[in-house]
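Asker: no FASTA, just this:
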RNA sequence: GGACACCGCGUGCA
DNA sequence: TGCACGCGGTGTCC
């Protein structure tokens, strides 16, 4: 029996037209639920982070979060958050850590809650179909400035999905 | 008397079937000379640039180069070349500047020579008949893989010229 | 100095 | 519809 037993895999992504500008986020579980949302003016990093936060809030149990953002993944893999807390939320350059209002609830939900959450990085715009799916969802949310919820098709992932006109 | 007195206007264009693939370039002066050439395997950008370089070599005096390539025009209008030289021929992403072997002689012939050369952008596939002419010439060169030289008809610019099958 | 992402633009094609 | 060729910029970290 693999150690991954019971771990939910969730893909996350964010997009932001203009950066800063109108943005969108999305998460999706293969053959499971998905959700997306939008913000009128934000940054790419905030949308990547928001996608993770919304997934943490919506999904119970052990998680594997798959993202193409090293900003998100390396915070945990390289334990950036330890340095941030030790230095009173200053980064290595002595500047205030950006997006602290999002990082704090994320760390609370992962580190402080002692929850089993693993982060995995995948290259963007590559072969991974689930990464392509959340990319399309986040992009659509950013363009339409609305959120969606639903169930990922088990067949062709994005058959009915096309770029927004 | 306009300041443009004595400025030769030259239209340039490049094409490339497949990109990368067999390509062609062309330049033409309204009611003046034209030239075209071909290459067996190249890119669209290299052909656009080559068209400019050949025009600079062939035509004396002050020039107005008209191109539908922002790649070519914005290098001068936005002074990309200054950044490239400052950064040791790295682009803004830190990668080596592409087509440096063509950019260097072009910059030498324009910037370093202190020559009066202006660049103007026109939308491709629009109403401009001279842009259509050099597009047809470059396309024909790419398809036939041969060069041509001649004189632009003063009448209907492209009466005998049609897209190559 | 390094890395990833997010965009914007035009051209060239299939 | 989607790909390749190329550029500039911001968001963020180490």
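Answerer: Yes, it's here. All values derive from a computational prediction rather than experimental measurement.
Asker: OK, contacts around the residue found closest to residue A:7 once you drop the neighbours it is linked to in the chain?
Answerer: Leaving aside its sequence neighbours, residue A:7 sits nearest to residue A:62 (Cβ to Cβ, 6 or more residues apart in numbering or on different chains; 4.5 Å). From N, CA and C alone the C-beta is placed, and that goes for glycine too. The neighbours of residue A:62, taking Cβ atoms under 8 Å, 6 or more residues apart in numbering or on different chains as the test, are A:6-8, A:115-117.
Asker: Just the buried residues of those.
Answerer: A:8, A:117 (16 or more other Cβ atoms under 10 Å in any protein chain shown).
Asker: ok, so of the contacts of residue A:62, who is nearest RNA strand C?
Answerer: residue A:117 (18.8 Å; Cβ to the nearest atom of the strand).
Asker: give me the beta-bridge partners of that closest one?
Answerer: Per DSSP bridges, the residues bridged to residue A:117 are residue A:63.
Asker: Point out the residues in chain A that sit beside RNA strand C.
Answerer: When proximity is defined as Cβ under 7 Å from any atom of the strand, chain A approaches RNA strand C at A:13-19, A:21, A:23, A:44, A:48, A:68-71, A:123-125, A:135, A:139, A:142.
Asker: Inside helices: which ones of these?
Answerer: A:44, A:48, A:70-71, A:135, A:139, A:142 (DSSP state H).
Asker: Let me have these in CSV, extended by pLDDT, neighbour count and distance to DNA strand D.
Answerer: Converted to CSV, these look like this (pLDDT from 0 to 100; neighbours: other Cβ atoms under 10 Å in any protein chain shown; distance: Cβ to the nearest atom of the strand, whole Å):
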residue, pLDDT, neighbour count, distance to DNA strand D
A:44, 97, 18, 6
A:48, 97, 26, 8
A:70, 97, 12, 7
A:71, 98, 15, 5
A:135, 94, 20, 11
A:139, 94, 22, 11
A:142, 95, 27, 13
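Asker: can you tell me which two in the residues you listed are farthest apart?
Answerer: Largest separation among these by Cβ to Cβ: A:70 and A:142, giving 20.7 Å.
Asker: what's the strand or helix carrying residue A:133 packed up against?
Answerer: If you go by DSSP states H and E, residue A:133 is part of helix A:129-144. If contacts are counted by 3 or more Cβ pairs under 8 Å, 6 or more residues apart in numbering or on different chains; DSSP states H and E, helix A:129-144 sits against strand A:8-16, strand A:21-28, strand A:33-42, helix A:44-58, strand A:148-151.
Asker: Show me which residues of chain A are close to DNA strand D?
Answerer: Counting by Cβ under 7 Å from any atom of the strand, chain A sits next to DNA strand D at A:19-20, A:43-46, A:69, A:71, A:78, A:80, A:83-84, A:91-93, A:95, A:97-99, A:162-163.
Asker: Just the buried residues out of those residues, in PyMOL syntax.
Answerer: In PyMOL, a selection of the buried entries from those looks like this (16+ other Cβ under 10 Å):
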select buried, chain A and resi 43+44+45+46+69+80+84+97+99
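Asker: burial measure for residue A:64, as a count.
Answerer: For residue A:64, the tally of surrounding residues (other Cβ atoms under 10 Å in any protein chain shown) stands at 15.
Asker: Show me where chain A dips below the pLDDT cut-off.
Answerer: For chain A, residues meeting the criterion pLDDT under 70 lie at A:1-5, A:154-165.
Asker: what do you get if the cut-off is 50, keeping everything else the same?
Answerer: Applying pLDDT under 50 to chain A flags the ranges A:156, A:159-165.
Asker: Could you check how far residue A:125 is from residue A:68?
Answerer: Look at residue A:125 and residue A:68: by Cβ to Cβ, to the nearest Å, they are 8 Å apart.
Asker: In terms of neighbours, single out the busier of these two.
Answerer: residue A:68 (21 against 9).
Asker: residues in contact with that one?
Answerer: A:13, A:121-124, A:131.
Asker: switch the cut-off to 10 Å
Answerer: Going by Cβ atoms under 10 Å, 6 or more residues apart in numbering or on different chains, residue A:68 touches A:11-14, A:48, A:121-126, A:128, A:131, A:134-135.
Asker: Just the buried residues out of these, in ChimeraX syntax.
Answerer: Buried members of the contacts of residue A:68, defined by 16+ other Cβ under 10 Å, are picked up in ChimeraX with:
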select /A:11,12,13,14,48,128,131,134,135
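Asker: And the contacts of residue A:68, which is closest to RNA strand C?
Answerer: residue A:124 (3.3 Å).
Asker: So the closest one versus residue B:152, what's the distance?
Answerer: According to Cβ to Cβ, residue A:124 and residue B:152 sit 48 Å apart.
Asker: What sits closest to residue A:25 if chain neighbours are left out?
Answerer: The shortest distance from residue A:25 to any non-neighbouring residue, by Cβ to Cβ, 6+ apart, is to residue A:51 (3.8 Å).
Asker: pretty sure the one you found is touching residue A:39, no?
Answerer: No - at 11.4 Å, residue A:51 does not count as touching residue A:39 under the criterion of Cβ atoms under 10 Å.
Asker: When those two are compared, which one has more neighbours?
Answerer: Neighbours were counted for residue A:51 and for residue A:39 using other Cβ under 10 Å; residue A:51 has more, 32 against 19.
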